[in-house]
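Undergrad: Sharing a model that was predicted from the sequence below.
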Amino acid sequence: MPDDRHSATILVVDDDRGAMEALSDILEYEGYHVERARNGLQALEYLQHTRPCPSLVILDLLMPVMDGWEFRMRQKEDPELAKIPVLVVTAISATAGIDAVKILHKPIDINELVKTVAMYCH
Amino acid sequence: MSKPTHGALEAELKLRDEFFSTVAHELRNPLNALHLTLAGLVRAQSGPSPMGPDQVVARINRASTQVLRLSKLVDDMLDVSRISSGRFQLQNEEFDAVAVLRDVIERMKDQAEPDQILLTMPPSLILHGDRVRFAQVVSNLLSNAIQYGERKPIGIHLRADADRVRLSVIDRGIGIAAEDQERIFERFEKLGKESPNVRFGLGLWIAREVIGAMHGNVSVSSELGKGSTFTVELPKESVMAPSA
């Protein structure tokens, strides 16, 4: 692990186990604490029941049960949850209708990922 | 032989495009995971605090899992080609279905939660048929149960009576809407609005074709939010003498 550990928590939301593990490995190596959700509904329930809120949500779009678009819509209905920045990571090019601090397309550039995460997690 | 009509050709081309789109999307997830795993490993080992040997081995194992996913997708694509063009053949050999099930579960245990898979089966059940294809069907059904099982227990039941062998794979996961339960066995279908973004890939279509070639069938019963049961039924006589 790098010496300069962060205290920030990041919620990773992805239904693909391989992607989830790879993202978590990178973020944990960088010193962040990672929480995991496999779809938008699990993520929403985590956010509604956990304080303090995570510093950042990393969100896939295509997921069963509740996709990334519906998660964002529901997140923004709650003023407290709406403040949490969301970074979208997706394999699809049609990302219309989603608003996020940044959209990264798979395969993700790790340097861009780490740089973007650092901007929102202090 | 009559020439295909313009409309039939257009429909065939549309199907082919949808097939490529489906496969491309299926390939992207393991490719991305593989890329991130390797890039993360390189970043860690190039930095001031490289990981220890155990952590490096764990990362390499994760990369290897993604390579196996990719390899299976390529196998599935080749199977679709073989089945669609009639170049698909079954082997006929004696095998123990229980041993095959245990072998498949052992290979897939890293994908599941610890003790997630619960087995109910006799000590041994000897069949005559295509061992590799039987294992492929089990693997496809179990893979879906793990992916959509919400980490809840998965039951695998194998039993035989006088004239039938019945294998059930039962999960308590997200389930499949009633209107989608037949479509999931189609080659190119995406599911409807009640089950958005549920992707079964090519595995269920292949499973139904393989079991159909053994004169059996694959069926599903499911309820949204409560889980799914996939059942493979093989008449014993057909299992004894498969014809493809």
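TA: Alright, I've got the coordinates.
Undergrad: Which strands and helices lie in contact with the lengthiest helix in chain B?
TA: Longest helix in chain B, counting residues (DSSP state H): helix B:6-46. If you count contacts as 3 or more CB pairs under 8 Å, 6 or more residues apart in numbering or on different chains; DSSP states H and E, helix B:6-46 packs onto helix A:17-29, helix A:110-120, helix B:53-84. Any C-beta I mention is one placed from the backbone N, CA and C, and that applies to glycine too.
Undergrad: tell me the mean pLDDT for stretch B:158-174?
TA: In this model, stretch B:158-174 has an average pLDDT of 92.
Undergrad: still on that earlier bit, could you export the helices and strands packed on helix B:6-46 as JSON lines, including mean pLDDT, mean neighbour count and distance to A:Lys83?
TA: Converted to JSON lines, the helices and strands packed on helix B:6-46 look like this (pLDDT from 0 to 100; neighbours: other CB atoms under 10 Å in any protein chain shown; distance: least, CB to CB, whole Å):
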{"stretch": "helix A:17-29", "mean pLDDT": "93", "mean neighbour count": "22", "distance to A:Lys83": "21"}
{"stretch": "helix A:110-120", "mean pLDDT": "95", "mean neighbour count": "16", "distance to A:Lys83": "11"}
{"stretch": "helix B:53-84", "mean pLDDT": "91", "mean neighbour count": "15", "distance to A:Lys83": "34"}
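Undergrad: and A:Ser93, what element?
TA: Taking DSSP states H and E as the definition, one finds A:Ser93 inside no helix or strand.
Undergrad: Who are the contact partners of it?
TA: By CB atoms under 8 Å, 6 or more residues apart in numbering or on different chains, A:Ser93 lies in contact with A:His105.
Undergrad: A:Val57 too?
TA: Per CB under 8 Å, 6+ apart, neighbours of A:Val57: A:10-11, A:13, A:43, A:47, A:75, A:84-87.
Undergrad: burial count for the residue lying closest to A:Met66 once chain neighbours are set aside?
TA: Among residues not flanking A:Met66 along the chain, A:Gly40 sits closest, at 3.2 Å (CB to CB, 6 or more residues apart in numbering or on different chains). The number of residues packed near A:Gly40 is 26, by other CB atoms under 10 Å in any protein chain shown.
Undergrad: which helices and strands sit right next to the one helix or strand A:Ile10 maps to?
TA: Element membership for A:Ile10 (DSSP H and E) is strand A:9-13. In terms of contacts (3+ CB pairs under 8 Å, 6+ apart), strand A:9-13 is packed against helix A:17-29, strand A:33-37, helix A:40-49, strand A:56-59.
Undergrad: Report the contact partners of the residue most central in space within chain A.
TA: The C-alpha lying nearest the average C-alpha coordinate of chain A belongs to A:Ile58 (CA atoms, centre = their mean; 1.2 Å). With contact set as CB under 8 Å, 6+ apart, A:Ile58 has these partners: A:10-14, A:23, A:86-87, A:89, A:117.
Undergrad: now, among those, which is nearest to B:Lys236?
TA: Using CB to CB, A:Asp14 is the member of the contacts of A:Ile58 that sits closest to B:Lys236, with 43.5 Å.
Undergrad: Go ahead and confirm the closest one touches A:Leu61.
TA: No. Contact status for A:Asp14 versus A:Leu61: not in contact, 9.7 Å apart, counting by CB atoms under 8 Å.
Undergrad: Between the two, point out the one with more neighbours.
TA: Legend: neighbour count by other CB under 10 Å for A:Asp14 and A:Leu61, higher for A:Asp14 (29 against 24).
Undergrad: list the contacts for the residue lying closest to the more buried one once chain neighbours are set aside?
TA: Excluding the flanking residues, the one nearest A:Asp14 by CB to CB, 6+ apart is A:Asp60, at 4.1 Å. For A:Asp60, the contact set (CB under 8 Å, 6+ apart) comprises A:13-16, A:19, A:68, A:88-90.
Undergrad: Is B:Lys152 in a helix, a strand, or coil?
TA: coil (DSSP: H, G, I helix; E, B strand; the rest coil).
Undergrad: how close does the residue nearest to A:Met66 get to A:Leu87?
TA: From A:Gly40 across to A:Leu87, the span is 15 Å (CB to CB, to the nearest Å).
Undergrad: Could you check which residue of chain B lies nearest chain A?
TA: B:Ala33 (3.2 Å; CB to the nearest CB).
Undergrad: which element is B:Ser124 on?
TA: Counting by DSSP H and E, B:Ser124 is found in no helix or strand.
Undergrad: which element is the closest residue to B:Glu94 other than its chain neighbours on?
TA: Nearest-residue entry for B:Glu94: B:His128, 5.3 Å, with adjacent residues in sequence omitted and distances by CB to CB, 6+ apart. According to DSSP H and E, B:His128 maps onto strand B:126-129.
Undergrad: tell me the phi and psi of the residue of chain B most remote from its centre?
TA: Most distant residue from the mean C-alpha position of chain B: B:Pro48, 41.9 Å away (CA atoms, centre = their mean). Note on B:Pro48: backbone dihedrals following degrees, to the nearest 10 are phi -70, psi -20.
Undergrad: same question, the one 4 residues further on
TA: Dihedral angles phi and psi of B:Gly52 (degrees, to the nearest 10) take the values phi -80, psi 170.
Undergrad: Just the CA trace of stretch B:10-25, in CSV.
TA: The C-alpha coordinates for stretch B:10-25 follow below in CSV (Å, rounded to 0.1, in the frame of the first residue of the first chain):
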residue,chain,number,x,y,z
GLU,B,10,-32.6,-8.2,-44.6
ALA,B,11,-34.0,-10.0,-41.5
GLU,B,12,-31.0,-12.3,-41.5
LEU,B,13,-28.6,-9.4,-41.7
LYS,B,14,-30.4,-7.6,-38.9
LEU,B,15,-30.1,-10.8,-36.7
ARG,B,16,-26.4,-11.0,-37.5
ASP,B,17,-25.9,-7.3,-36.5
GLU,B,18,-27.7,-7.9,-33.3
PHE,B,19,-25.5,-11.0,-32.7
PHE,B,20,-22.3,-9.0,-33.1
SER,B,21,-23.7,-6.3,-30.9
THR,B,22,-24.6,-8.8,-28.2
VAL,B,23,-21.2,-10.5,-28.4
ALA,B,24,-19.2,-7.3,-28.4
HIS,B,25,-21.0,-6.1,-25.3
